[in-house]
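**Q** What shape does this take:
(one chain, ligands or ions: 2)
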Amino acid sequence: MASDRQRCILVTGGAGFIGSHVVRHFVRKYPYYHIINFDKLTYAGNLENLTDIRNAPNYSFVHGDICDLGTLRALLREQKVNGIIHLAAESHVDRSIRDPFLFARTNVIGTLTLLQAAREYWDKQWEGKRFHHVSTDEVYGALELGDAPFNESTPYSPHSPYSASKASSDHFVRAYHDTYGLPVVLTHSSNNYGPFQSPEKLIPLCIHNICENKPLPIYGNGENIRDWLHVQDHAQAIDEVFHRGRNGESYNIGGGNEWENIDIVKLLIRLVDEQLGHPAGHSDKLITYVADRAGHDLRYATDTGKLRRELGWVPQHPFESGLRETVQWYLEHAEWVKNVTGCAYERYYAEMYNDK
Ligand code: NAD
Ligand code: TYD
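**A** Ligands and ions are numbered 1, 2, ... in the order given. From the prediction side, this is the model:
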């Protein structure tokens, strides 16, 4: 790859939840890199996530769409981009059930467009170049209770339009590597939590609703299992794989931290009630079982042995303290939550529950 002083990295989706942590991580840790945040600023993108680094001399923001080949061609050439960390996506499973075409457009066509722009600009001069595709463990499908966690050889078996679109984008990334020689790495992370996550996802949704004394919607029987990882541990893993991962390889990223949804919600009730000074059990009454998500995957769990063995990555955030700090962050950032849960968000939720 390019020597440390020559790096210009395009981070797509850098105004979203994980992308903003990745941008902050790289801007702070590598002051001699130029980090360009390329984001369309959909409902999920928010430049308020990056106010602390927005004036950093090694950071710039470009408003754009990953489906726009002309813009990407010009940007890569003008800025001499030699690294791409691709996070831009539609990321919410429930939205994908309502609008699968949007997910195909952004996640599949958008990724293909970005691959093509990189291929054209790098023009077989692969030395010093890298395309890092940020994928998800959801492409592997769903595990039963006793199954071994997903590893990098687990066959793909996506069930939701979201995971199908991510799986398809992964195949295009590998096809560009195998067919044209594009230098790529892929990462498959489990569910992330932490500051700046949109309150349409389980953890921030529950924190927000407990504060507002609103119902906590549990899909189905609440026994679905997710493996939770702190978002800063994910950013660190991306740093390791981007710099030192082997060309053409995939790496799973996860917390080794499986929880049933209902237990996460109960833990959140305890943490939020404690921080708000409510008596124990005060918000238990908010738990509300609702119709299950269509095609709801039972369990995700990831085997991260390859990442640990090859690159020495281990997560640094113990779950309960990480979650406690996350709860505190949301309570201290009520204004941020208010801004991202505006009218469009409320309308989306009203429509979603009317559909069920
Ligand atoms: P997010 O929804 O919070 O952010 C997505 C970002 O992409 C937003 O800033 C949005 O404005 C931008 N974007 C959307 N369409 C775009 C387009 N056409 N052009 C340019 N920008 C566009 O998502 P997230 O949760 O931060 O996830 C980021 C990536 O990580 C995604 O690729 C997702 O599949 C993957 N991932 C997420 C998780 C998780 O737990 N959230 C876990 C594993 C993998
Ligand atoms: P989510 O945060 O949407 O992530 P993903 O679907 O990518 O895993 O959901 C996490 C789990 O929580 C998932 O099993 C669905 C469930 N869930 C609920 O029970 N209620 C909710 O309101 C939401 C948003 C999710």
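
**Q** drop to CA atoms for contacts and neighbour counts, all remaining ones
**A** Noted.

**Q** which residue of the chain sits farthest from its center?
**A** Here the chain reaches farthest from its C-alpha mean at residue 279, the gap being 34.4 Å by CA atoms, centre = their mean.

**Q** where exactly do the strands run in the stretch 201-350 of the chain?
**A** In the stretch 201-350 of the chain, the strands defined using DSSP state E, counting those that start in this stretch lie at 216-219, 225-230, 250-253, 258-260, 287-290.

**Q** how long is stretch 102-116 end to end?
**A** Between the opening and closing residues of stretch 102-116 there is a gap of 20 Å (CA to CA, to the nearest Å).

**Q** and what of stretch 270-288?
**A** With CA to CA as the measure, stretch 270-288 spans 16 Å from end to end.

**Q** ends of stretch 245-259, how far apart?
**A** Using CA to CA, the two ends of stretch 245-259 sit 29 Å apart.

**Q** Any buried residues in the longest helix along the chain, and which?
**A** Longest helix of the chain, by residue count under DSSP state H: helix 161-180. Residues of helix 161-180 classed as buried by neighbour count (16 or more other CA atoms under 10 Å): 161-170, 172-174, 176-177.

**Q** Which helix or strand lies directly C-terminal to it?
**A** Note on helix 161-180: by DSSP states H and E, the next helix or strand toward the C-terminus is strand 184-189.

**Q** Let me know the average pLDDT across that following strand.
**A** Across strand 184-189, the average pLDDT comes to 98.

**Q** Would you give the sheet partners of the helix or strand following that strand, along with the direction of each?
**A** As assigned by DSSP H and E, the chain's next helix or strand after strand 184-189 is strand 191-193. Here strand 191-193 is paired, per DSSP bridges, with strand 225-230 (parallel).

**Q** So is the partner strand next to ligand 1?
**A** No. With CA under 6 Å from any ligand atom as the criterion, ligand 1 is not reached by strand 225-230; the gap is at least 8.1 Å.

**Q** let's number from 210 now, not from 1
**A** All right, first residue 210 from here; so that's strand 434-439.

**Q** what angle sits between that strand and strand 393-398?
**A** Going by axes from the mean of the first three to the mean of the last three CA atoms, to 10 degrees, strand 434-439 is angled at 110 degrees with respect to strand 393-398.

**Q** List the buried residues in strand 434-439.
**A** Going by neighbour count (16+ other CA under 10 Å), the buried part of strand 434-439 is 434-439.

**Q** Can you give the distance from it to the centre of its chain?
**A** 12 Å (CA atoms, centre = their mean, to the nearest Å).

**Q** just stretch 372-387 next, same as before
**A** From the chain centre to the centre of stretch 372-387 is a distance of 17 Å (CA atoms, centre = their mean).

**Q** for stretch 244-263, same thing?
**A** 14 Å.

**Q** That stretch and ligand 1, any residue contact?
**A** Yes. Against ligand 1, stretch 244-263 shows contacts by CA under 6 Å from any ligand atom at 248-251, 253-254.

**Q** now swap in stretch 341-361 and tell me
**A** Yes. Using CA under 6 Å from any ligand atom, stretch 341-361 comes into contact with ligand 1 via 343-345.

**Q** which of those has the most neighbours?
**A** residue 344 (23 neighbours; other CA atoms under 10 Å).

**Q** Dihedrals phi and psi, that residue?
**A** Main-chain dihedrals, residue 344, degrees, to the nearest 10: phi -110, psi -160.

**Q** related to what we said a few turns ago, okay, the buried residues of strand 434-439 in TSV with pLDDT next?
**A** Rendered in TSV, the data for the buried residues of strand 434-439 read as follows (pLDDT from 0 to 100):
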residue	pLDDT
434	98
435	98
436	98
437	98
438	98
439	98
